[in-house]
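# here's my sequence, what's the structure:
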Amino acid sequence: MTARDAILSRLGGTMTPSQIADEAAALLIAPERPPVDLAALEQTFAERLALPSVAASYDRISDWSEVPEAVRRYCAANGLPAVLCLPPDPRLTALDWRGVTLHDGAAPDEDAALAIARCGVAETGSLVFETSPEAPMLPNFLALHHLVIVPTLVAHLEDAILPGAQPRAHYWVTGVSGTTDIEGTYVRGAHGPRFLHVIRLATPLKP
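Model (predicted):
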């Protein structure tokens, strides 16, 4: 029997209930969705961000007051001017931004924009955003470098479901976009930022 014949025979309903049960059990032995260790969310999240399919850089800080220095550090490491599109979020505007030029209106050729994610998802390295007057969406898609503060981690995609009243919009980002539509050549940042940098706001890991 050819592979085609085997597939068609299964579609024809020739499998017995016992065979179906055996295949279902086999899927549970080696699921496509890997488990997440709840005791290692930080490590899992960092590993997912480093995957080629996500391609995000990663930094850790322990307090909001360290955000400006984390931004300056990233700009210096990537040869960027200390110029930043900053959303009008009180958690950010109250910080000491000396040495950084700030504005809140993103231009089409914006170098860098900062945002705060509602949470990060350890399972996939995804970032969940909500829109509001303090968190405009547009700068997050115009800037070449998207810098994102992640104050909270959850284990699975289901854990990031928004409870209660919904914001005007929310969106999920997993790495930078890419396409191979043009002559099969991979182009990074085809539909948004070319670089994603996560600033994880958390208590430092114990040695």
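
# what about the helices in this structure?
Under the criterion DSSP state H, the chain contains helices at 3-11, 17-29, 41-50, 67-77, 90-93, 139-142.

# return the most buried member of those helices.
Highest mean neighbour count among the helices of the chain (mean count of other CB atoms under 10 Å): helix 139-142, with a mean of 20. In short, each C-beta sits where N, CA and C put it, glycine included.

# pull the CA atoms of that helix into PDB?
Extracted C-alpha coordinates of helix 139-142, given in PDB (Å, rounded to 0.1, in the frame of the first residue of the first chain):
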ATOM      1  CA  PRO A 139       4.700  53.700  17.400                       C
ATOM      2  CA  ASN A 140       5.100  50.000  18.000                       C
ATOM      3  CA  PHE A 141       4.800  49.300  14.300                       C
ATOM      4  CA  LEU A 142       6.700  52.300  12.800                       C
END
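
# shift numbering so it begins at 24
That works, and once the first residue is 24, the last one we named lands at helix 162-165.

# so what does it touch, helix or strand wise?
Other helices and strands packing on helix 162-165, by 3 or more CB pairs under 8 Å, 6 or more residues apart in numbering; DSSP states H and E, are strand 135-139.

# the inter-axis angle of the strand it packs on versus helix 90-100?
150 degrees (axes from the mean of the first three to the mean of the last three CA atoms, to 10 degrees).

# and strand 135-139, how far out from the chain middle?
Mean-position distance between strand 135-139 and its chain equals 13 Å (CA atoms, centre = their mean, to the nearest Å).

# before we move on, what about stretch 118-130?
The answer for stretch 118-130 is 23 Å, by CA atoms, centre = their mean.

# please apply the same query to stretch 189-208.
10 Å.

# which parts of that stretch are buried?
Residues of stretch 189-208 classed as buried by neighbour count (16 or more other CB atoms under 10 Å): 193, 196, 197, 198, 199, 200.

# for this structure, where's the lowest mean pLDDT among helices and strands?
strand 210-211 (a mean of 66; mean pLDDT, DSSP states H and E).

# check contacts around residue 172.
90, 137, 138, 139, 140, 222, 224 (CB atoms under 8 Å, 6 or more residues apart in numbering).
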